[in-house]
Each structure stands twice: as structure tokens, then as C-alpha cells.
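**Q** Have a look at this prediction, sequence included:
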Amino acid sequence: MSRASRLLTLMEALRRRRRPVAGATLAEELGVSLRTLYRDIAALQAQGADIAGEAGLGYVLKPGFTLPPLMLTVDEVEALALGALWVGARADSELARAAEGALAKLAAVLPPDRAELVAAPSSLVGPGGPSAQGDAHLKPIRAAIRGERKLALGYVDAAGAKTKRVVWPMAISYFDATLILVAWCETRAAFRHFRVDRIETAEARPERYPRRRRALLADWKAEVARERPFS
């Protein structure tokens, strides 16, 4: 591996981690000696990378530092383009517009060979329409998820019964035929899944729910894994 490639790989290794990582761990990951790792860290710092830490304590890339688009590999560009194309074809209108804008920005800052992969990707999204959904409710639902705020729902179940729920929204899950809101339901005191196309009203409440969304998601994933263990 050339030194330039090694520096890019080191930046990516730091970017993936939120907490300080030991120099020995980074050196092993890159296949270099500790002395070389320390020199590479110093070189990146001299070039403007905001890396905190020192030998013996570990290193962390401070929040807010963004990688130049030139660091994207061909496969990374392809993955981003495919994801945006899928969102543009299958997601709701708000995210579809966002995906189109993201692709345009990506193509504008990439070198010509990478930009060509955005204009004419080798991976395409197969036939299929958008999931059944109510676009009007997705904006307040997303706002509640991002703000970790409670959400008041008017919901119609499969039997046609109408209920009022206060939930802690955690995520919107995309399936081929529908969208599912994953939430903690105060009425049931349990995790519940709500079809977005059956939501009649969705109103974000001012109060935040008492637990962090990341912790709720971890508990939900653990519950799903217990109920549907992999064979």
C-alpha cells in the first residue's frame, strides 16, 4: 500500500470510530509498525486533520471534520448512487426529492471518472412502485423521530377499528409494499409497528420521550432477535 493510500485508509479508520482508539489497534489494522502509525498521524495533523490524542492514550477524529469527496472509492460512489436511486424510485416524495438533490451535489464535486458512475451507474433499481404510504404524515413523523418527541396518532387497524395512541417514534421501516413506523406505544406499554398508510392523523407533541432513541432502538432490535432468532 502506498503512503497516500495508507493515509486515506487511516482517516477512514478514524472516521468510523466515535471514541479514542489505541495506536496499536490502528497500526495492526493498517499492517504497519507503531512508529509508522505515529508518523502518519502527525502527517495528517500537519495537513489539517483535527485528530486529538497522543501516543499511549489513543486517537479520535473530532466531530465536524468531513472527508473530501476525492476520498470516495469507486465502490463507495456506486453504493451511494444505488441507494439514492432506490430512494428516488421507492420512497416518499420528500425523500425522493432529497435523493435527487444529493445525487446532483455528489456528481458536481466528484472527479470525472467518479461522476460518470453517478450519471450512468452499473447498478440499477429494478421495476416497482413506491410503497403504499401517506406522504402527508411522513414529515411530522420524521420531525418527531429526529427530535425524540412523542407523537399523537389517530390509527385504523386491520379490522377498521379506530384508536388514539401516544407513541415514542423511533424509525420508519421501508418494505416493498408498505412503510412501517416502529415505536414504543404508551397504551400497550410495548413496542408496536404501525402501517403508515393506516395513520389518519399524526401530531408531534412538545414533550420529549424519557429515553434516548438509540437506546430504544437497541432494545427493539434485541426483542426482534429473541422473537425471530436466526437459524
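**A** In hand now; what should we look at? Numbers count the residues shown, from 1 in each chain.

**Q** What count of nearby residues applies to residue 7?
**A** A count of neighbours around residue 7, defined by other C-beta atoms under 10 Å, yields 19. Quick note: C-beta positions are derived from backbone N, CA and C, even for glycine.

**Q** my read: it touches residue 43, true?
**A** Yes. The pair residue 7 / residue 43 is scored as a contact, 6.5 Å apart, by C-beta atoms under 8 Å.

**Q** how about the strands in this structure?
**A** 51-54, 58-61, 149-156, 162-174, 179-185, 190-195, 199-208 (DSSP state E).

**Q** CA atoms of the first one as CSV?
**A** Read it as strand 51-54. What follows is strand 51-54, C-alpha atoms only, in CSV (Å, rounded to 0.1, in the frame of the first residue of the first chain):
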residue,chain,number,x,y,z
ILE,A,51,-7.1,14.4,15.3
ALA,A,52,-7.0,14.6,19.1
GLY,A,53,-4.9,12.3,21.3
GLU,A,54,-1.3,11.1,21.6
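
**Q** Of all residues in the chain, which one is nearest the centre?
**A** residue 171 (10.8 Å; C-alpha atoms, centre = their mean).

**Q** quick one, what contacts that residue?
**A** 145, 181, 182, 217 (C-beta atoms under 8 Å, 6 or more residues apart in numbering).

**Q** Now do it, the pLDDT please.
**A** Per-residue pLDDT puts residue 171 at 94.

**Q** ok, now residue 154?
**A** 96.
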